[in-house]
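**Q** what's the 3D shape of this:
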Amino acid sequence: MDWIDRFPGLRSLDDSLRKVLLERSTIVSLAKNTVVFGPGKSSENLLLLLDGTVRVQQLSESGREIVMYRVQAGESCVLSTACMLAYEDHSAEGIAEVDVRAAAIPRQVFDDLIANSQTFRTFVFTAYSRRITDLFYVIEEIAFRRIDIRLAARLGELADGQGILRATHAQLASELGTAREVISRQLQEFQRKGWVELSRGSVKMTDQGALAALAETT
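**A** Residues are numbered from 1 along each chain as shown. You can find the predicted model right below:
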């Protein structure tokens with residue numbers, strides 16, 4: 001089984017197109033914390049992630065960061081896809097959260113497959129539409145959902161098996177699109193209630209049930 005079969009939407013490519021994709025694409029490895037792409041940089045390859053996670057984040061004019069989404073193994077990046085389709089530079093940055101490995105499809109191959117393969121077009125636009133829906137959810141969360149509910153949910157999502165999240169208050173603020181001071185105040189309130197224990201660079205959930213119940217509040 002080759003890397004193409006890691007992506008269900010590409011498994012039905014005919015043999016000739018599969019051969020082109022395998023022969024003209026390259027497998028790249030990037031170390032943790034590598035900037036995969038950044039604002040003002042053109043997209044010359046579409047990356048299909050084979051292993052690892054890439055965090056895609058936006059920097060506002062005021063200097064505040066917000067995490068837009070994460071690309072997991074078996075996915076492509078919607079921002080890179082948009083840049084490839086529109087021949088535009090990136091407006092956000094992608095950071096390798098761990099060591100990652102990806103298949104890099106050159107622009108010329110991407111353009112040829114988009115033009116000539118319905119299977120490839122369907123794969124690209126299905127992933128694109130799914131991620132756009134996710135981005136609308138992020139906007140809705142920021143605009144309409146209380147920060148305590150969002151923080152409780154994110155703690156549950158990012159903590160390890162022991163209920164520990166190794167992140168600074170500033171990093172959590174980036175995750176939720178708010179100010180560090182807001183996160184600090186809310187974490188201190190969680191600690192006052194006995195739900196978390198705070199230490200430098202980490203948060204330990206001591207009452208996961210209470211946090212989960214809050215996260216499910218509508």
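**Q** the longest helix belonging to the chain - contacts with which helices or strands?
**A** Longest helix in the chain by number of residues (criterion: DSSP state H): helix 118-144. Counting contacts by 3 or more CB pairs under 8 Å, 6 or more residues apart in numbering; DSSP states H and E, helix 118-144 is packed against strand 65-72, helix 78-86, helix 107-116. (C-beta placed from N, C-alpha, C; glycine too.)
**Q** give the next helix or strand downstream of the helix-or-strand element of the chain with minimal mean pLDDT.
**A** Of all the helices and strands that make up the chain, helix 118-144 has the lowest average by mean pLDDT, DSSP states H and E, namely a mean of 85. Sequence-wise, the next helix or strand downstream of helix 118-144 (DSSP states H and E) is helix 147-158.
**Q** mind listing what the residue nearest to the spatial centre of the chain touches?
**A** Centroid-nearest residue in the chain, with CA atoms, centre = their mean: residue 70, separated by 0.9 Å. Applying CB atoms under 8 Å, 6 or more residues apart in numbering, we find residue 70 in contact with 53, 54, 55, 56, 97.
**Q** helix/strand/coil for the second one?
**A** Three states are possible here, and by DSSP: H, G, I helix; E, B strand; the rest coil the one that applies to residue 54 is strand.
**Q** and it, how many neighbours does it have?
**A** 26 (other CB atoms under 10 Å).
**Q** for it, which non-adjacent residue is closest in space?
**A** Nearest residue to residue 54, sequence neighbours excluded (CB to CB, 6 or more residues apart in numbering): residue 71, at 4.3 Å.
**Q** how many neighbouring residues does the one you found have?
**A** Residue 71 has 27 nearby residues by other CB under 10 Å.
**Q** from residue 46, how far off is the nearest residue to residue 77 once chain neighbours are set aside?
**A** Spatial nearest neighbour of residue 77, excluding adjacent residues (CB to CB, 6+ apart): residue 71 at 4.9 Å. Here residue 71 is placed at a distance of 12 Å from residue 46 (CB to CB, to the nearest Å).
**Q** fine by me, thanks again.
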